[in-house]
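Participant: Coordinates only, no sequence provided:
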């Protein structure tokens, strides 16, 4: 989703479940105001939750003065609406559910003077938070949230690079290794023989294919798109460690999965087995899990 600066949005429940901060405002359908793009990471946005506690905000503003009260700013463009600046936090666009609309129109603040005041206070609160200064004992742990999101961003970038490396090798005419039973490309070190067909260890064992002497498996990586539940089912079917997920997202994500392989030059392949081989897929980069058999994904 393209984010409009100074626009209001609603956040996915998935974000609050993932962050699990006891002090972050998680009221359902509470709009947040997108005010500042992070200076060091353009994929991070700092957002301000809104509140209707006008009396509370006015008390603080009266006590400290409007310019020195960094906790709140009255939203003069809407009735009984306050920028709850003390509870701002970072987020990425993937966790935005939808635009917050009034009468069917996306609510975006255009009052430049109001925007300037909110940004000034927000910048002050962000600076304090990033050096460990809390406005309240119950302040949102923004450093922790920022670290979680940055790790997620870096992980997604690394996964995309894995896929791009496969494409680059193909476009440069280099050897592209692939699973000879599925046709799926594999990110794996080239074999000394120059053979680019590989077979998953699970298939070798299932078909009782004999290996040549002193042969060792190699780890390849497969790029797949699946939901969180599909990923956990995949792990479960293979005896891998799993975790319980409450309210799993239906959004498909890119996963890079390590799988042990044998190069077919290291195996004693019969004519019967060779007839099962398929050519390499040219365009597809991933495949869905075969739920009924618990197989697939190139293994």
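Facilitator: Received it, and whenever you're ready, just let me know what you need. Computed from a prediction, not measured in an experiment: that's the story for all the values here.
Participant: I'd like the domain boundaries of the chain, if you could list them.
Facilitator: Domain segmentation of the chain under automatic domain parsing yields 8-149, 175-296.
Participant: out of those domains, which comes closest to residue 156?
Facilitator: Counting by Cβ to Cβ, residue 156 lies closest to domain 175-296 out of the domains of the chain; the figure is 7.0 Å. Where you see a C-beta, it was placed from the backbone N, CA and C, and this is true even at glycine.
Participant: tell me the mean pLDDT over that closest one?
Facilitator: Domain 175-296 shows a mean pLDDT of 81.
Participant: can you list the residues that contact stretch 202-210?
Facilitator: By Cβ atoms under 8 Å, 6 or more residues apart in numbering, the residues outside stretch 202-210 that reach it are 181, 199, 211, 262, 267, 268, 269, 273, 295, 299.
Participant: before we move on, the earlier item: the domains of the chain: which one's closest to residue 155?
Facilitator: domain 175-296 (9.0 Å).
Participant: quick one: which two of the contacts of stretch 202-210 are the most distant?
Facilitator: 268 and 295, at 23.0 Å, using Cβ to Cβ across the contacts of stretch 202-210.
Participant: Can you pick out the residue with more neighbours from those two?
Facilitator: residue 295 (19 against 10; other Cβ atoms under 10 Å).
Participant: still on that earlier bit, in helices, which of the contacts of stretch 202-210 appear?
Facilitator: residue 273 (DSSP state H).
Participant: Residue 234 versus residue 25, what's the distance?
Facilitator: 35 Å (Cβ to Cβ, to the nearest Å).
Participant: which one is the residue nearest to the spatial centre of the chain nearest to, not counting chain neighbours?
Facilitator: Centrality entry for the chain: nearest residue to the mean C-alpha point is residue 152, 5.3 Å, by Cα atoms, centre = their mean. Of all residues not flanking residue 152 in the chain, residue 92 sits nearest, at 7.4 Å (Cβ to Cβ, 6 or more residues apart in numbering).
Participant: What of residue 73?
Facilitator: In space, residue 73 is closest to residue 83, 4.3 Å off (Cβ to Cβ, 6+ apart).
Participant: Three-state assignment for that neighbour, please.
Facilitator: Counting by DSSP: H, G, I helix; E, B strand; the rest coil, the backbone at residue 83 sits in strand.
Participant: State whether it and residue 120 are indeed in contact, as I suppose.
Facilitator: No - using Cβ atoms under 8 Å, residue 83 is not in contact with residue 120; the gap is 11.7 Å.
Participant: Who has more neighbours out of those two?
Facilitator: More neighbours surround residue 83 than the other of residue 83 and residue 120, with 26 against 12 (other Cβ under 10 Å).
Participant: In stretch 65-78, which residues are buried?
Facilitator: Neighbour counts over stretch 65-78 (16 or more other Cβ atoms under 10 Å) mark 69, 70, 71, 72, 73, 74, 75 as buried.
Participant: Give me the secondary structure label for the fifth one.
Facilitator: Three-state secondary structure (criterion: three-state DSSP) places residue 73 in strand.
Participant: Pretty sure it sits against residue 81.
Facilitator: No - at 10.2 Å, residue 73 does not count as touching residue 81 under the criterion of Cβ under 8 Å.
Participant: quick one: the helices in this structure?
Facilitator: Using DSSP H, helices in the chain cover 13-19, 54-64, 112-130, 142-171, 201-206, 228-237, 271-274.
Participant: Nearest to residue 98 among those helices would be which one?
Facilitator: Comparing these under Cβ to Cβ, the one sitting nearest is helix 13-19, at 12.5 Å.
Participant: Done for today, thanks.
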